[in-house]
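> sequence plus predicted model, see below.
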Number of protein chains: 2
Amino acid sequence: MSRRFLAACCFRRGALLVALLQSVAPESLAQEVRPASHSDPQTMAWMQGTPPDSSKLVRHKDLSFYRFPQSRWAFSHLRELMPTKRVWRGAGPVTSLASRLDRGIDAVSFTPVNGDAAMTWAQMLAATYADAALVLHRGQVVYEGYFGASSAHTPHISFSMTKSYYGTVAAMLLEEGLLDETRLVSHYIPQLKDSGFGDATVRQILDMTTAIDYSEDYTDPDAHVFDFARAGGIFPPGDYAGPEGFYAYVATLSKKGDHGEAFSYRSVNTEVLGWLIARVTGENAVDVIQQRIWARLGAEEDAYMLIDSLGTGWAAGGLNATLRDHGRFGEMIRRGGQWNGQQIVPATVIDDIRRGGSPEKFAKAGYKTLAGASYRNQWWIHHNPNGAFSARGVHGQTIYIDPTAEMVIVRLASHPKAANANYDDVSLPAYQAVADFLSNS
Amino acid sequence: MSRRFLAACCFRRGALLVALLQSVAPESLAQEVRPASHSDPQTMAWMQGTPPDSSKLVRHKDLSFYRFPQSRWAFSHLRELMPTKRVWRGAGPVTSLASRLDRGIDAVSFTPVNGDAAMTWAQMLAATYADAALVLHRGQVVYEGYFGASSAHTPHISFSMTKSYYGTVAAMLLEEGLLDETRLVSHYIPQLKDSGFGDATVRQILDMTTAIDYSEDYTDPDAHVFDFARAGGIFPPGDYAGPEGFYAYVATLSKKGDHGEAFSYRSVNTEVLGWLIARVTGENAVDVIQQRIWARLGAEEDAYMLIDSLGTGWAAGGLNATLRDHGRFGEMIRRGGQWNGQQIVPATVIDDIRRGGSPEKFAKAGYKTLAGASYRNQWWIHHNPNGAFSARGVHGQTIYIDPTAEMVIVRLASHPKAANANYDDVSLPAYQAVADFLSNS
């Protein structure tokens, strides 16, 4: 903390608050949005120089890491800006991903849902500020590209794709009987008894059908999601005066409505899920993810988690991993949990995810780009003819699994707009077009 | 930054300053020192619990990470407390270290230099709060032990052993002609022209014979070393009002005396050295260490560096690595730079280190436990009959290389006292006794 920042906090608190709130809502920065090619972080030379010029700095304390176009550098370098916990790959061999690159994929074209002119896969990647993209077909790499600040060995922030890792592990604990989906959260976590989560069931947490007074609208500077990020240290604290840490923050939230009636996407559910995982295993939830998933994938690289000051991983969004390692996870899921010579996740868990949650409850949330979808165990189930389901994170992160096409797509991105709804119109038909291309080739 | 901390900074600055200054000098905490077995971080349960109780928290912002006994946990977990930069191991295979464990080493006994009663190797490790210890004999692991919060795959802070990595790489750049040891620092770094370093030569930086107004006495709360740590973000800023970052800090220092006359251990020399490395290679110095050393060792794990807010690695002390990976580095040096099928460091560079610096200049520094020694290229040369030389870091870190005994010892530790001089009396004769044991067995 510099003196300048200290002074700003103490003596200009009002002005700083306004600046912070303005700056955290990427949609409010539309005037700064430039095409991906004009925001290339290498060309813009973020953090380059010995030392970098002050105009090239990307920082945590002033939130510039979360502002476009600095975010294009920061999303591949978060460990250099904040504390992290290693997700160790283990000491075993790397599982090989055979490469059978198909140059034809770049030219695969599709019509955006919004009726815009036809686009190609390559154009979609540029339009969505992709930092890295992978297509696996029957487990072979048919497309692999790195853009911006990303590289094959550089972990990239996953944001809410992290939830699907936690949801998968929690579903494994259900299968083992360590967790009971009908039990109330307060049964496992007495500290949440008086919060809005106290009388929610484990299943409602997993499927995000809790009714909590909490807003996750990234375009609203007053949304709870920003205080959530401040409590966990993901955002600088600014004027935040609430309790410290993810767990303490979720304990402050109240109920609003009745649990179980509608899907309502609130990241705080996943923090509760992480707490449940930690409570029933007696381990830090990050270590549980590491032991049960990461160490068994034959990952190429360690992953890492953003953590709060109490050592709690940001279950809702803190995983950082490389493109191919996310591909291994996706491929393991596509293969019904079998990978690297082991049954890593029980097939019944993946069957349950694929069956999905309640489309009726999901419909109440009004996602225009995801009509007919549902949400189950922290995965998005598209209920399309191919039976696709996906992990999704703000700013364009996805693991898209298409069982019919035997395809897994991973896209890591730094789109200036947070909500995937802003670019599902081009992303989802592109995935379908590549699925069709691969199925017909 | 919590509200409480903010309030403390702004409204109780004087009191906080006193508290911070008292707390950073471990020697002033002698009343808290307990035997290693009574400060075991697992038993003390630092950061355990979901979430940990407030009494079990170890933090950066209150400097508790640097206080004993919390330091016994923190020295194996620094990335969880502050920003770090990965030192990637590369994609190649791990170089194997054959194991030929010799149970006899634990009982090897020696007489401490201070005349205390005879001790064994095992007793020395406990007395010096070792977190991990390795003995390589002719490249084979004959002793390997983990204590406290350490494990075979957990990187541990190296403190000033980091300097020997930087010094080795800088000497390689001399060999290649990228750096000229007779040139002045200001030739390469105009920003340092008006500082005390401006008219020092590269050789004086490498051998720490600059004359700079800078104190590194860890028992003196007013020592410059603490502002240095604050400038780089290693310590919380407290009342520090100077410029931000390692490079900006060293530029503020003045000359005191004449360069080249006496050895004077000042960590800031190594930051200048890191800057020189970055300047002549055009790369972040951490990446240079990664490319030239770490990626070529066949390390088991990624290492990582503590960095300042501008992305500059803490050249004087920021490397975190595992015990065996330090062993690989030491063994590579012992073998004249040959390792993993490559000449990683030119043999001439290592010959130059082994010849040492000037014992006369070294003697002026008055190190009682290192009589007859010298300092060269950021290594300590003992000039003993076995030709031993070492990398050393505060709180008990060492890589001790004994060419005659064909032995490399690595000890990682969390001794409550910073200066190795406090326990050289037991450490150095223990290393010699193991060397004798191995030579005679």
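It's in.
> tell me which residues of stretch A:126-142 are tucked away?
Neighbour-count burial for stretch A:126-142, with 16 or more other C-beta atoms under 10 Å in any protein chain shown as criterion, is recorded at A:127-137, A:139, A:141-142. Every residue, glycine included, has its C-beta placed from N, CA and C.
> what residues does the residue most central in space within chain A make contact with?
What sits nearest the mean C-alpha location of chain A, by C-alpha atoms, centre = their mean, is A:S160, with 2.2 Å. A:S160 sits next to A:267, A:270, A:316-317, A:391-394, A:397 when contact means C-beta atoms under 8 Å, 6 or more residues apart in numbering or on different chains.
> look up how far chain B lies from it.
In this structure, A:S160 and chain B are 22 Å apart, going by C-beta to the nearest C-beta, to the nearest Å.
> just A:L310 next, same as before
Shown here: A:L310 relative to chain B, a distance of 5 Å by C-beta to the nearest C-beta.
> to what extent is that residue buried, counted in neighbours?
When neighbours are defined as other C-beta atoms under 10 Å in any protein chain shown, A:L310 has 23 of them.
> do the same with A:P359
When neighbours are defined as other C-beta under 10 Å, A:P359 has 15 of them.
> try A:A413
Applying other C-beta under 10 Å, we find 28 residues neighbouring A:A413.
> how many neighbours does the closest residue to it other than its chain neighbours have?
Spatial nearest neighbour of A:A413, excluding adjacent residues (C-beta to C-beta, 6 or more residues apart in numbering or on different chains): A:G396 at 2.8 Å. Residues lying near A:G396 (other C-beta under 10 Å) number 26.
> double-check A:G396 against A:P416; I have them as touching.
No - A:G396 is beyond contact range of A:P416, at 9.7 Å (criterion: C-beta atoms under 8 Å).
> so what sits against both of these two?
Common neighbours of A:G396 and A:P416 are listed as A:Y129 (criterion: C-beta under 8 Å, 6+ apart).
> show me what contacts A:A200?
Contact analysis of A:A200 by C-beta under 8 Å, 6+ apart lists A:184-185, A:210, A:259-260, A:272.
> show me which of the residues you listed are buried.
Of all the contacts of A:A200 considered here, the ones buried according to neighbour count by 16+ other C-beta under 10 Å are A:184-185, A:210, A:259, A:272.
> now intersect the residues you listed with the strands, please.
The members of the buried ones among the contacts of A:A200 all map outside strands under DSSP state E.
> can you put those residues in CSV and add pLDDT and distance to A:N340?
Compiled in CSV, those are given as follows (pLDDT from 0 to 100; distance: C-beta to C-beta, whole Å):
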residue, pLDDT, distance to A:N340
A:L184, 98, 36
A:V185, 98, 34
A:T210, 98, 35
A:H259, 98, 38
A:V272, 98, 30
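> can you list the buried residues of stretch A:126-142 in CSV and add distance to chain B and secondary structure?
As requested, the buried residues of stretch A:126-142 are arranged in CSV below (distance: C-beta to the nearest C-beta, whole Å; DSSP: H, G, I helix; E, B strand; the rest coil):
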residue, distance to chain B, secondary structure
A:A127, 30, helix
A:T128, 27, coil
A:Y129, 23, coil
A:A130, 22, strand
A:D131, 17, strand
A:A132, 17, strand
A:A133, 20, strand
A:L134, 17, strand
A:V135, 22, strand
A:L136, 19, strand
A:H137, 24, strand
A:G139, 20, coil
A:V141, 15, strand
A:V142, 21, strand
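> let's have those residues in TSV, adding pLDDT.
Output for the buried residues of stretch A:126-142, formatted as TSV (pLDDT from 0 to 100):
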residue	pLDDT
A:A127	96
A:T128	97
A:Y129	97
A:A130	98
A:D131	98
A:A132	98
A:A133	98
A:L134	98
A:V135	98
A:L136	98
A:H137	98
A:G139	97
A:V141	98
A:V142	98
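> tell me which of these is nearest to A:T312?
Relative to A:T312, the closest of the buried residues of stretch A:126-142 is A:D131; by C-beta to C-beta it sits at 26.7 Å.
> thought that closest one was touching A:R72?
Yes - A:D131 is in contact with A:R72 according to C-beta under 8 Å; the separation is 7.3 Å.
> where does chain A dip in pLDDT?
Low-confidence segments of chain A, defined by pLDDT under 70: A:1-34.
> swap in 80 and give it another go.
With pLDDT under 80 as the threshold, chain A has low-confidence stretches at A:1-36, A:441.
> contacting residues for the residue of the stretch 51-200 of chain A found nearest chain B?
Closest approach of the stretch 51-200 of chain A to chain B (C-beta to the nearest C-beta) occurs at A:P51, with a separation of 4.6 Å. Counting by C-beta under 8 Å, 6+ apart, A:P51 touches B:245, B:247-248, B:310-312.
> export the contacts of A:A200 to CSV and append columns for distance to chain B.
As requested, those are arranged in CSV below (distance: C-beta to the nearest C-beta, whole Å):
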residue, distance to chain B
A:L184, 18
A:V185, 14
A:T210, 20
A:H259, 23
A:G260, 26
A:V272, 12
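> now, the most widely separated pair of the residues you listed?
The largest distance within the contacts of A:A200, taken as C-beta to C-beta, falls between A:G260 and A:V272 and amounts to 14.8 Å.
> so what's A:L412 bridging to?
Applying DSSP bridges to A:L412 yields these beta-bridge partners: A:A132.
> what's the neighbour count on A:A117?
The burial count assigned to A:A117 is 8, neighbours taken as other C-beta under 10 Å.
> just to be sure, it is in a helix?
No - secondary structure of A:A117, determined by DSSP: H, G, I helix; E, B strand; the rest coil: coil, with no helix assignment.
> mind telling me what element A:S427 is part of?
Counting by DSSP states H and E, the element that carries A:S427 is helix A:424-440.
> what separation do you get for A:H224 and chain B?
Separation of A:H224 from chain B (C-beta to the nearest C-beta): 18 Å.
> now do the contacts for that residue.
In this structure, A:H224 makes contact with A:213-216, A:253, A:268, judged by C-beta under 8 Å, 6+ apart.
> and these as TSV, adding secondary structure, neighbour count and distance to B:P237?
Converted to TSV, these look like this (DSSP: H, G, I helix; E, B strand; the rest coil; neighbours: other C-beta atoms under 10 Å in any protein chain shown; distance: C-beta to C-beta, whole Å):
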residue	secondary structure	neighbour count	distance to B:P237
A:D213	coil	12	36
A:Y214	coil	21	33
A:S215	coil	13	34
A:E216	coil	20	33
A:L253	coil	20	33
A:V268	helix	26	31
